[in-house]
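J.: Using only what follows, build the 3D model:
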Amino acid sequence: MPASSPTKSSAISLHTLGVICGLTAGVWLGAAEAPTKLVNAGYSPYAISLAMVAGVFVARWTFPTLLKGTGYVFTDIGERKHLIVWALLAGGLWAVANTLTVFAIRDVGLAIAFPMWNANSLIGLLWGYLLFNELRGASSGNIAKVTLGAILIVIAAIMLGFSTLHGGGQMGAHAVRGIVAALGASLMWGTMYVPYRKAYLSGMNPLSFVTIFTFGELGTVLTLTLLLDHGTHSSAFTLLRTPGVVFWLFLGGFVWVIGDLFQQFAAKYLGIGRGISLSNTNQLWGLAWGALVFGELATADHTHLMLVIGGTVLMILGAMSIALAVASAKEHSSTNEAVLRECLRYGLDYDATILAAAGDELDSRDKRRRWWDYAIVLVATAVFITLGVRAVVPNLVMNLHWVSILGVILFVSIFLGGWALHKRTRFS
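T.: Have a look, this model is predicted:
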């Protein structure tokens, strides 16, 4: 939520850029969860999560390398070493949350679980207010929008949770377990944004933050698998040796990386309260993949459909109400106070940090590509090509017509989001 820098002339305001990034994140994060439907093919949730995170780890390094180069990334990290532990913590929280979502999808379905864990916007709003001065000094109109949005999200979560108990006998036995898993993921993901916000108030580039984040998520998922899923006998290791199937989870990880990068930029330019809420439009796209591609609601009764549709609409309206609460000058002042606090605590230059938080950089870091940059991209590409050549279509009923339509939407959104980021901040 920092004010726009006077040194950069652009028709795109930081608020508009944050909104574009949040909406783009929603499209890609929604699509990323579709491959976890493979949990219905007999693999454990830990196996699905580990395979997906392995794909995330492979894909994660390519974008910072392509856009900025490893020289830039490691210089940025070196200037803010205190954020390394925060990035690892964020990765661990994400890994736990992602594993819980696989349990939730297994027990109550993608179309139901998705909106429930998006209650993380409430957690993010709370942490943003308590820790980072978000909404401090806000106008009464903005406070009303945020409050209304929060109430709508709570009502929507209740409706969606209740709908699982009226969806027929096939979900009755495990509905409560699925609800608890989805809400647990919401808590983990909402808290995960605290390290995000600390990083961006300190002026770190999201591309640098996610480079460290990746080690936290992979290490945590591997630990969970070894401790809770029969150790080295986990089906995860069988799955990872099945290239025909694991490709789709690697692909899901790749899609998630793109969505998360846009979400990181949204959190940087809007704050975690507004940024999370806007990226939570992913529930719309998760519902689209679950209902249109996988036919999850094909046999639902009228009551079930009305609760799901009504809850989803209310949650979207709540998220939009929060997102449209444009920060006032007083809010920007409160955010700058939070930046000053971080600078004093960690010995950062305040003026440079303020500019970096607004997408400007005083220094000219080395952005040259070295041989190892090209090697990283080539290795990652080779992994995906090798798995893709050997991939087989999962034994799931899918509507390929809707897969094509949603795929086109993915590519249009990344083009628009990438263009806006490049035009306004050069991915800073």
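J.: CA only for contacts and neighbour counts going forward, please
T.: Will do.
J.: I'd like the distance between the most centrally placed residue in the chain and A323.
T.: The chain has D260 as the residue nearest its centroid, 4.0 Å off, counting by CA atoms, centre = their mean. D260 is 18 Å from A323, where distance means CA to CA, to the nearest Å.
J.: which residues sit in contact with I309?
T.: Counting by CA atoms under 8 Å, 6 or more residues apart in numbering, I309 makes contact with nothing.
J.: in the helix or strand harbouring it, what counts as buried?
T.: Following DSSP states H and E, one finds I309 within helix 302-323. Within helix 302-323, the residues scored as buried using 16 or more other CA atoms under 10 Å are 304-305, 307-309, 311-323.
J.: And the average pLDDT for that helix is what?
T.: Per-residue pLDDT over helix 302-323 has a mean of 80.
J.: Determine how far it lies from the middle of the whole chain.
T.: Between the centre of helix 302-323 and the centre of its chain there are 20 Å (CA atoms, centre = their mean, to the nearest Å).
J.: Quick check: what element follows that helix along the chain?
T.: helix 329-346.
J.: Tell me the first helix or strand C-terminal of that next one.
T.: The element immediately downstream of helix 329-346 (helix or strand, assigned by DSSP H and E) is helix 350-357.
J.: Just want the angle from that following helix to helix 329-346.
T.: 120 degrees (axes from the mean of the first three to the mean of the last three CA atoms, to 10 degrees).
J.: can you pull the contacts of the residue nearest to I77 when sequence neighbours are not counted?
T.: Closest residue to I77 apart from its sequence neighbours, by CA to CA, 6 or more residues apart in numbering: S208 at 6.4 Å. Applying CA under 8 Å, 6+ apart to S208 gives the contacts P64, V73, F74, D76, I77.
J.: Any regions of the protein where pLDDT drops low?
T.: By pLDDT under 70, the weakly predicted segments of the chain are 1-11, 35-42, 110-111, 114, 157-158, 160-173, 361-367, 394.
J.: L23 contacts T281, correct?
T.: Yes: counting by CA atoms under 8 Å, T281 is a contact partner of L23 at 6.8 Å.
J.: Packing partners of whichever strand or helix holds G78?
T.: Per DSSP H and E: G78 is located in helix 70-79. Secondary-structure packing of helix 70-79 (3 or more CA pairs under 8 Å, 6 or more residues apart in numbering; DSSP states H and E): helix 206-228.
J.: the inter-axis angle of the helix it packs on versus helix 70-79?
T.: 80 degrees.
J.: helix or strand right after helix 206-228?
T.: Following helix 206-228 in sequence, per DSSP H and E, is helix 235-240.
J.: Go through that next one and flag the buried ones.
T.: Quick answer for helix 235-240 (16+ other CA under 10 Å): S235, A236, L239, L240.
J.: Out of these, which two sit at the greatest distance?
T.: S235 and L240 (8.6 Å; CA to CA).
J.: picking that back up, can you select the buried ones from the contacts of S208 in ChimeraX?
T.: Here is the ChimeraX command that selects the buried residues among the contacts of S208 (16+ other CA under 10 Å):
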select :64,73,76,77
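J.: Among the contacts of S208, which one lies nearest to G55?
T.: Proximity of the contacts of S208 to G55 (CA to CA) peaks at P64, which lies at 15.7 Å.
J.: what about H82, how many neighbours?
T.: H82: 12 surrounding residues under other CA atoms under 10 Å.
J.: Now for it: which residues touch it?
T.: Taking CA under 8 Å, 6+ apart as the definition, contacts of H82 comprise Y346.
J.: Repeat that for L396.
T.: Contacts of L396 (CA under 8 Å, 6+ apart): F294.
J.: how much space between S139 and N118?
T.: 26 Å.
J.: what about those two, which has more around it?
T.: Neighbour totals were compared for S139 and N118, and N118 leads with 28 against 17 (other CA under 10 Å).
J.: so what's that one up against?
T.: Neighbours of N118 in contact, by CA under 8 Å, 6+ apart: S186, N280, Q283.
J.: rerun that using 10 Å as the cut-off
T.: 153, 157, 182-183, 185-187, 189-190, 276-277, 279-283, 315, 319 (CA atoms under 10 Å, 6 or more residues apart in numbering).
J.: Out of the contacts of S208, the closest to G417 would be?
T.: Closest approach between the contacts of S208 and G417, by CA to CA: P64, at 16.0 Å.
J.: so M116 is in which element?
T.: helix 110-117.
J.: Can you name the element that comes right after that helix?
T.: helix 120-132.
J.: Just the angle for that next one relative to helix 329-346, thanks.
T.: Here helix 120-132 runs at an angle of 70 degrees relative to helix 329-346 (the same axes, to 10 degrees).
J.: From the contact counts, what lies against the helix or strand following helix 120-132?
T.: Using DSSP H and E, the next helix or strand after helix 120-132 towards the C-terminus is helix 140-163. Other helices and strands packing on helix 140-163, by 3 or more CA pairs under 10 Å, 6 or more residues apart in numbering; DSSP states H and E, are helix 110-117, helix 120-132, helix 175-201, helix 272-279, helix 302-323.
J.: Give me the distance from the helix or strand just after the fourth one to the chain's centre.
T.: Toward the C-terminal end, the helix or strand that comes next after helix 272-279 (DSSP H and E) is helix 282-288. Its chain's C-alpha centre lies 13 Å from the corresponding centre of helix 282-288 when counted by CA atoms, centre = their mean.
J.: Extract the C-alpha trace of helix 282-288 and format it as PDB.
T.: Presented in PDB, the C-alpha positions along helix 282-288 are these (Å, rounded to 0.1, in the frame of the first residue of the first chain):
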ATOM      1  CA  ASN A 282      -9.300 -18.300  -7.200                       C
ATOM      2  CA  GLN A 283     -12.300 -20.000  -5.600                       C
ATOM      3  CA  LEU A 284     -14.300 -19.000  -8.700                       C
ATOM      4  CA  TRP A 285     -11.800 -20.800 -10.900                       C
ATOM      5  CA  GLY A 286     -11.400 -23.700  -8.500                       C
ATOM      6  CA  LEU A 287     -15.200 -24.100  -8.700                       C
ATOM      7  CA  ALA A 288     -15.100 -23.900 -12.500                       C
END
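J.: just checking, what packs against it?
T.: So helix 282-288, by 3+ CA pairs under 10 Å, 6+ apart, packs with helix 14-32, helix 110-117, helix 302-323, helix 400-425.
J.: closest one to K81 among these?
T.: Here helix 400-425 is closest among the helices and strands packed on helix 282-288 (CA to CA), at 23.3 Å.
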